[in-house]
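Q: just need the structure, nothing else, for what follows:
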Amino acid sequence: MEGPAVGVLGIVIMFAALFLLKIPAAFTLALVGFLGFAYVTTFQAALGMIGTDMWNIFSNYGLTVIPMFILVGEFIHWGGYNNGLYYATYRWFGHYKGGLAITTIMACAAFSAISGSNTATAATMSKVAIPEMKKYGYHPQLNAGSVAAGATLGVLIPPSIVLVVYGLYTGQSIGKLFWGNIIPSVILTVAIAATVLFITWRHPDWGPKGPKSTWKERFKALPDIVDILILFAVIMYALFTGVVTATEAAAVSCTLGLIICLLRRKLSWGDFLKSILDTLRISCFVFMIVAGAVIFARFLTVTRLPFEVANWIGGLALPNWMLLIVILFFYVLGGCVMDALAFMLVSLPIFYPIVMELGYDPIWFGQVITIVVTMGAIMPPVGICCYIVAGMAPDIPLATVFRGAFWYIPAYLFSIMLLILSPYWTVLVISNLVR
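A: Residues are numbered from 1 along each chain as shown. Below is the predicted model:
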C-alpha cells in the first residue's frame, strides 16, 4: 500500500484510536502521524521531522499570544466576574419569558469575549446558570441547551484561540481576523437568543418569567459588565490601530485584567495561583494539539492525499459556491467527531489551498469554518460542550442536553448562510479597515 491510500488508512486508524482506545486527540494525531510518516519514508526521516517540527512550533514567538489570552480569561474567571456578568444580564432580561436562558447566552457572550474558550465558558456558566434556571422551573432541554449553545461562542468571539491558531497557521493578521469576527459574532449571538424566543413561543411553559428587577438594581449590577467592556475595548482598539502586535495586545490585556481584579479586590493570592496553574494546563493542552496536528499533517502531505483531494474537488463540474458547500460539509462532519482546533489544523493543509484557488478571502474563510466547526461542539458523537454541561449537571441526562442543543442548530446554519451570501458586509467591511 502506498500513496493516498496510506493517508486514508491513517485517518481511519486515527478515528479508531480516538473512539475505541480513548486516546486523547493530541497523542493520537502525533502517534499516527509519526508512524505513518515513518512507513512512507524512513524511521530516521520521521525522527528528523519530529525534531524539526517541534522546534519550529515551540520556538514560534507568535504562539505566546495563546497563554496570555488564556491567562486573562482565568483572571476574569477566578475573579468571580462570571457570576457578576450573569446576574447583571439577569437584572435586565430575567423578567421576560425565557429571560434566564437569554441571560445565560448574553453572559456566555460576555465571558467568551475574554476567555476565548468554549470549554471554559461551558464549565463556568453551567455552575452559575443551571441552578438558577432550575429554581425558576425551566425545562431541562431549554436549561442545558442554552448553556451548551451559548458556550460555543467561546470559540468564535475574540480573543478566540481557534482564530489565533488559524492566523498563525495561514499567515493572516490576527487583528483582521478578530475585527472581521465582530459582525459574525453578533449575528450568531442574536440568532441563538432568538431561538430561545422561538422555543418559548412553541412551549410557553418551558421558560417562565422571573421577577422584575428595579431600575436601581439594574444599574447597580452594571460595573462588572463595564469592566469587561473596557478590557475587551482595549484589546480590540490596540489591534485595530496597529499600535501593538497581537502578542503585545495579549500582554496588555493580561496586565489590565490583573489590575482591574486587584482594584476591585476580586482576586486573592490563592485565586492568582489557580489562574496560573489553569493557564499552564490549558496552554499545554492547546500546544499539544497543535504539535500533534502538525505531525499528522506532515504525514498526510507525504502521502499526497491533500493534493489528490484537491484535484478531485477541483475536477468536480460544479460552480465555486457548490464546491465551497462540499468543503464545509467535511468541516461539519469533522467538527462532530473531533475537537474544533484539532480538526481545523488537520484539515487546513487539504482545504485551505483549494479555497484560496477558488478565490475566496482567507479572513472570511476563517470566520466561516470557525462557525462550522463550533457547531460540532453541540452535535454528537463528540459535542464537547454538551458533555461538559452534562458533567456539571449530573441530574440532566446527556441525551436531554443534546436534544436541547439541537434547537439551536438552525441559528448556526442561518449565520453561515448570511456569511456565504454577503462576505463583504458580514466580514470584510470591518476587517479591511484594520491597519
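Q: can you map out the helices along the stretch 251-400 of the chain?
A: In the stretch 251-400 of the chain, helices defined by DSSP state H, counting those that start in this stretch lie at 269-303, 305-314, 320-337, 340-357, 362-375, 384-392, 398-406, listed in chain order.
Q: and if you look at the stretch 101-250 of the chain?
A: 118-135, 140-151, 153-156, 161-170, 174-180, 182-202, 215-220, 222-241, 246-263.
Q: next, the angle from the host helix or strand of L47 to helix 269-303.
A: Per DSSP states H and E: L47 is located in helix 43-58. Regarding helix 43-58 and helix 269-303, their directions subtend 140 degrees when assessed with axes from the mean of the first three to the mean of the last three C-alpha atoms, to 10 degrees.
Q: just the buried residues of the next helix or strand after helix 43-58, please?
A: Scanning the chain past helix 43-58 towards its C-terminal end, the next helix or strand to appear is helix 65-78 (assignment: DSSP H and E). Residues of helix 65-78 classed as buried: 65-78 (neighbour count, 16 or more other C-beta atoms under 10 Å). Heads up, the C-betas are built off the backbone N, CA and C, glycines and all.
Q: low-confidence ranges in the stretch 251-400 of the chain?
A: Applying pLDDT under 70 to the stretch 251-400 of the chain picks out residues 337, 339, 382.
Q: distance check, the residue nearest to L280 when sequence neighbours are not counted against A293.
A: Closest residue to L280 in three dimensions, ignoring its sequence neighbours and counting by C-beta to C-beta, 6 or more residues apart in numbering: P67, at 7.8 Å. Taking C-beta to C-beta, to the nearest Å as the measure, P67 and A293 are separated by 18 Å.
Q: next: K209.
A: From K209 over to A293 the distance is 46 Å, taken as C-beta to C-beta.
Q: more neighbours, those two?
A: Of the pair K209 and A293, A293 is the one with more neighbours under other C-beta atoms under 10 Å, namely 29 against 14.
Q: tell me which residue is most central in this structure.
A: Closest to where the C-alpha atoms of the chain average out (C-alpha atoms, centre = their mean) is V155, at 1.6 Å.
Q: for E132, find the nearest of the helices of the stretch 251-400 of the chain.
A: The minimum distance between E132 and these falls on helix 384-392, with 13.4 Å, by C-beta to C-beta.
Q: helices and strands around the closest one, which ones?
A: Using 3 or more C-beta pairs under 8 Å, 6 or more residues apart in numbering; DSSP states H and E as the contact criterion, the neighbours of helix 384-392 among helices and strands are helix 118-135, helix 140-151, helix 398-406.
Q: poorly predicted segments of the stretch 101-250 of the chain, please.
A: For the stretch 101-250 of the chain, counting by pLDDT under 70, the residues that fall below are 114-117.
Q: ok, now how distant is the residue nearest to V162 when sequence neighbours are not counted from N320?
A: With C-beta to C-beta, 6+ apart as the criterion, V162 has its nearest non-adjacent residue at 5.0 Å, and that residue is V155. Noted for V155: a distance of 27 Å to N320, by C-beta to C-beta.
Q: same question, L305
A: 23 Å.
Q: which one of those two has more residues nearby?
A: When L305 and N320 are compared on other C-beta under 10 Å, the one with more neighbours turns out to be L305, at 21 against 12.
Q: ok, now which ones touch A26?
A: With contacts defined as C-beta atoms under 8 Å, 6 or more residues apart in numbering, the neighbours of A26 are 285, 288-289, 291-292, 342.
Q: what do you get for P4?
A: 303-305, 308.
Q: wait, which of those is closest to G359?
A: E308 (21.7 Å).
Q: just checking, A390 touches G145?
A: No. Counting by C-beta atoms under 8 Å, A390 stays clear of G145, with 11.4 Å between them.
Q: and the two? Which one has more around it.
A: When A390 is set against G145 and neighbours are counted by other C-beta under 10 Å, the residue ahead is G145, at 30 against 21.
Q: tell me the contacts of the more buried one?
A: Contacts of G145 (C-beta under 8 Å, 6+ apart): 401, 403-408.
Q: try it again at 6 Å.
A: 404-405, 407 (C-beta atoms under 6 Å, 6 or more residues apart in numbering).
Q: now do it against W206, distance only.
A: When C-beta to C-beta is applied, the distance between G145 and W206 equals 10 Å.
Q: likewise A340?
A: The gap separating A340 from W206 is 29 Å, by C-beta to C-beta.
Q: the two: who's more crowded?
A: Neighbours per residue, other C-beta under 10 Å: of A340 and W206, the larger number sits with A340, 28 against 21.
Q: now that one. Nearest residue, chain neighbours left out?
A: With sequence-adjacent residues excluded and distances taken as C-beta to C-beta, 6+ apart, A340 is closest to V373, at 4.1 Å.
Q: the one you found: how many residues sit nearby?
A: V373 is flanked by 26 other residues according to other C-beta under 10 Å.
Q: who's in contact with it?
A: The neighbours of V373, taking C-beta under 6 Å, 6+ apart as the test, are 331, 335, 340, 343-344.
Q: V196 now?
A: 98, 101-102.
Q: most neighbours, which of the residues you listed?
A: Scoring these on neighbours with other C-beta under 10 Å, the highest-scoring entry is A101 at 33 neighbours.
Q: so how far is A144 from it?
A: Counting by C-beta to C-beta, the gap from A101 to A144 is 10 Å.
Q: next: G180.
A: 31 Å.
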